[in-house]
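# sequence? don't have it. structure:
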């Protein structure tokens, strides 16, 4: 597999990373310990999108990390708005990712969990019709009953909250289903809910060497009502002018 040249800048002296070293760096240390991680991309001036899409900020290095984070997780959680706006298809990994998962006694593909209060999802779309693993749809008690019934034919529909999906119930549900390595690709509202509930253990963020200006969204939106939550820099990678960092939330043992 050909990959962009990535250099680990921190910790330690700069060191070029081959593909295997990068996979090891991104893999969970202990898969039995539940962990909620996220991946996002931002411009230098803080915008999470260009013309409404995050893809305009990404590049080869960001895409490689994006794919590898899917490889090493148990479930990918995405808000329905992001699924629609970013044009998501089925959660199907590349052949080399599948081979790696098999060699590590993992299912071929992670579960795709879509968070939606309105259930504005098309049951005939590729997200469901071409899914290698039956997706999860996480919704609320107040979601439309007819939409729920339509989706139950193509996905496991679960309720996690009355009028809004409760992130604590969401994480507990996934862990109970044997999916402790939880990875989310956003969008900003879902990430905001996880941050507000202090559930986000890890954030992988790519800083794109671009200035966007305008009024683009941040990678996280939310009430901001909680205390400031400090994070620790685990590593910093560089690929030409692109920076890729991982920050972790340190918690009492």
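Good, I have the coordinates. Bear in mind that the values here come from a model prediction, so they are computed numbers and not experimental data.

# test my guess that residue 121 contacts residue 127.
Yes: using C-beta atoms under 8 Å, residue 121 is in contact with residue 127, at 7.4 Å. Placement of C-beta: from N, CA and C, glycine included.

# overlap in contacts of the two?
83, 114 (C-beta atoms under 8 Å, 6 or more residues apart in numbering).

# so for these two, which residue has more residues nearby?
Counted by other C-beta atoms under 10 Å, residue 121 and residue 127 do not tie: residue 127 has more neighbours, with 25 against 21.

# what lies in contact with the helix or strand that contains the more buried one?
Using DSSP states H and E, residue 127 falls within helix 126-129. Under the contact criterion C-beta under 8 Å, 6+ apart, helix 126-129 has outside partners 83, 88-91, 112, 114, 121-122, 135, 151, 154-155.

# separation between residue 113 and residue 84?
For residue 113, the distance to residue 84 equals 15 Å [C-beta to C-beta, to the nearest Å].

# the more surrounded of those two?
residue 113 (25 against 16).

# need the contact list for the more buried one.
75-78, 135-138, 174.

# with these in mind, which one is nearest to residue 41?
Closest approach between the contacts of residue 113 and residue 41, by C-beta to C-beta: residue 78, at 14.5 Å.

# residues touching the closest one, list them.
For residue 78, the contact set (C-beta under 8 Å, 6+ apart) comprises 88, 112-115, 184-187, 190.

# average pLDDT for stretch 114-130?
Stretch 114-130 shows a mean pLDDT of 97.

# my bad, should have said stretch 234-241
The average pLDDT within stretch 234-241 is 96.

# list the buried ones in the longest helix along the chain?
As assigned by DSSP state H, the longest helix anywhere in the chain is helix 60-71. By neighbour count on 16 or more other C-beta atoms under 10 Å, the buried set for helix 60-71 is 61-62, 64-65, 68-71.

# JSON lines for those, including pLDDT and distance to residue 49?
Below are the buried residues of helix 60-71 laid out as JSON lines (pLDDT from 0 to 100; distance: C-beta to C-beta, whole Å):
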{"residue": "61", "pLDDT": "94", "distance to residue 49": "18"}
{"residue": "62", "pLDDT": "94", "distance to residue 49": "14"}
{"residue": "64", "pLDDT": "96", "distance to residue 49": "20"}
{"residue": "65", "pLDDT": "97", "distance to residue 49": "18"}
{"residue": "68", "pLDDT": "98", "distance to residue 49": "22"}
{"residue": "69", "pLDDT": "98", "distance to residue 49": "19"}
{"residue": "70", "pLDDT": "98", "distance to residue 49": "20"}
{"residue": "71", "pLDDT": "98", "distance to residue 49": "25"}
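
# still on that earlier bit, list just the nearest of the contacts of residue 78 to residue 28.
For the contacts of residue 78, the nearest to residue 28 is residue 184 (14.8 Å; C-beta to C-beta).

# so what's the closest one closest to, chain neighbours aside?
What sits nearest to residue 184 in space, not counting adjacent residues and going by C-beta to C-beta, 6 or more residues apart in numbering, is residue 77, at 4.3 Å.

# parallel or antiparallel, which strands does the host helix or strand of the one you found pair with?
Residue 77 is located in strand 75-79, with elements delineated by DSSP H and E. If you go by DSSP bridges, strand 75-79 pairs up with strand 111-115 (parallel), strand 181-184 (parallel).

# which residue ranges of the stretch 151-253 of the chain form helices?
167-176, 188-196 (DSSP state H, counting those that start in this stretch).

# which residues sit against the first one?
Meaning helix 167-176. In contact with helix 167-176 (C-beta under 8 Å, 6+ apart) are residues 34, 36, 74-75, 77, 113, 115, 138, 158, 160-161, 180, 182, 193-194, 196-197, 199.

# now do it and strand 75-79, the angle between them.
Comparing the axes of helix 167-176 and strand 75-79 via axes from the mean of the first three to the mean of the last three C-alpha atoms, to 10 degrees yields an angle of 150 degrees.
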